[in-house]
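Colleague: Quick one, fold the following:
(chains A and B)
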Amino acid sequence: MPFTLATWNINSVRLREALVAKLMEEEAPDVLCLQECKSPVDKIPTERFRELGYGHMVARGQKGYNGVAILSKLPLRDLGDKDFAALGHARHVAAEIEGGPVVHNFYVPAGGDKPDRAVNEKFGQKLDYLSEMRDWFRDEAPRNAILVGDLNIAPREDDVWDHKKMLKVVSHTPVEVESLGAAQEAGGWVDVTRKDLPEGQLYSWWSYRSPDWDAADKGRRLDHVWATPDIASAAHSSRILRAARGWEKPSDHAPVFATFDL
DNA sequence: ATGGTAGATGTTCTA
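Modeller: Numbers count the residues shown, from 1 in each chain, chains lettered A, B, ... in the order given. Next comes the predicted model:
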């Protein structure tokens, strides 16, 4: 059962219903994981998605902020969610692709502006969220599992446009990179995108605050596809659809794809 | 050191 999966921070699923539909029509991943839906679950425009073949959804939502959804052509079984760091936010949901792997969909807290938990509570919450992810993966020992989402950290030097300039910028500070690495290691997760594309600069996000985002290209790789080692070798053909960042009224994130031959 | 843009909501917060 080969299937293609995509992850995309959509920054309002209601405002960008047409862009989600465009991705479904033109790229047709079997499973599409969205973050920042910014919508209660019952207000997600599922009718259009169902018409395009995505008849299955497992989602968590809240009004105005956060929100994660797994839309699928393949049947899903809801496996619940975890409220890491007890924030009361809709930032995680898990589902089993029936007869196949488990998919975890994450929206890790962005962490505010200042990378110092003493003056910025949000940064502390981000680090706490990551350490609770680490503890959970250590206890769960996941197998036959895929983890995707906006992890709000660009871990490698070639995941940001300028490593030195970014060392004190939230998303690329050493303490964040270390915390994400600890969570990754605790679950044994393989970075599928970098397994397939080990060389060179790779970005999935470009700020709205740069009108010439394409030419300036000051991007970061914040969106990730991970898999447990038992299925990571079945993954291939990873890619980032940079073109979607240039669509009309775009999200500030581009979708990240991987295919699994399982 | 600052501001630049965007979305949901509502007279501001979050990213």
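Colleague: pLDDT score assigned to A:S210?
Modeller: The model reports A:S210 with a pLDDT of 88.
Colleague: for it, what are its contacts?
Modeller: Contacts for A:S210 (CB atoms under 8 Å, 6 or more residues apart in numbering) come out as A:A216, A:K218. C-betas here are computed from N, CA, C, even on glycine.
Colleague: burial measure for A:G99, as a count.
Modeller: 10 (other CB atoms under 10 Å).
Colleague: With the one 4 residues further on instead?
Modeller: For A:V103, the number of neighbouring residues by other CB under 10 Å comes to 25.
Colleague: ok, now how distant is it from A:Y65?
Modeller: Distance from A:V103 to A:Y65, counting by CB to CB, to the nearest Å: 22 Å.
Colleague: Next: A:D217.
Modeller: 29 Å.
Colleague: for the host helix or strand of A:K195, what is the average pLDDT?
Modeller: Per DSSP states H and E, A:K195 falls inside helix A:192-196. The average of the pLDDT scores along helix A:192-196 is 98.
Colleague: now it, how far from the centre of its chain.
Modeller: 14 Å (CA atoms, centre = their mean, to the nearest Å).
Colleague: Same check on stretch A:173-188?
Modeller: 16 Å.
Colleague: Kindly report the same for stretch A:112-127.
Modeller: 21 Å.
Colleague: Extract the C-alpha set from it and format it as PDB.
Modeller: Extracted as PDB, the C-alpha positions of stretch A:112-127 are listed here (Å, rounded to 0.1, in the frame of the first residue of the first chain):
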ATOM      1  CA  GLY A 112       7.200  34.300  21.400                       C
ATOM      2  CA  ASP A 113      10.000  36.800  20.500                       C
ATOM      3  CA  LYS A 114      12.600  36.600  23.200                       C
ATOM      4  CA  PRO A 115      14.500  33.300  23.700                       C
ATOM      5  CA  ASP A 116      14.500  33.600  27.500                       C
ATOM      6  CA  ARG A 117      12.000  31.900  29.700                       C
ATOM      7  CA  ALA A 118      12.700  34.300  32.500                       C
ATOM      8  CA  VAL A 119      11.200  37.200  30.500                       C
ATOM      9  CA  ASN A 120       9.000  35.400  28.000                       C
ATOM     10  CA  GLU A 121       6.600  32.800  29.300                       C
ATOM     11  CA  LYS A 122       5.800  31.600  25.800                       C
ATOM     12  CA  PHE A 123       9.400  30.500  25.300                       C
ATOM     13  CA  GLY A 124       9.300  28.500  28.600                       C
ATOM     14  CA  GLN A 125       6.000  26.800  27.400                       C
ATOM     15  CA  LYS A 126       7.700  25.800  24.100                       C
ATOM     16  CA  LEU A 127      10.600  24.200  26.000                       C
END
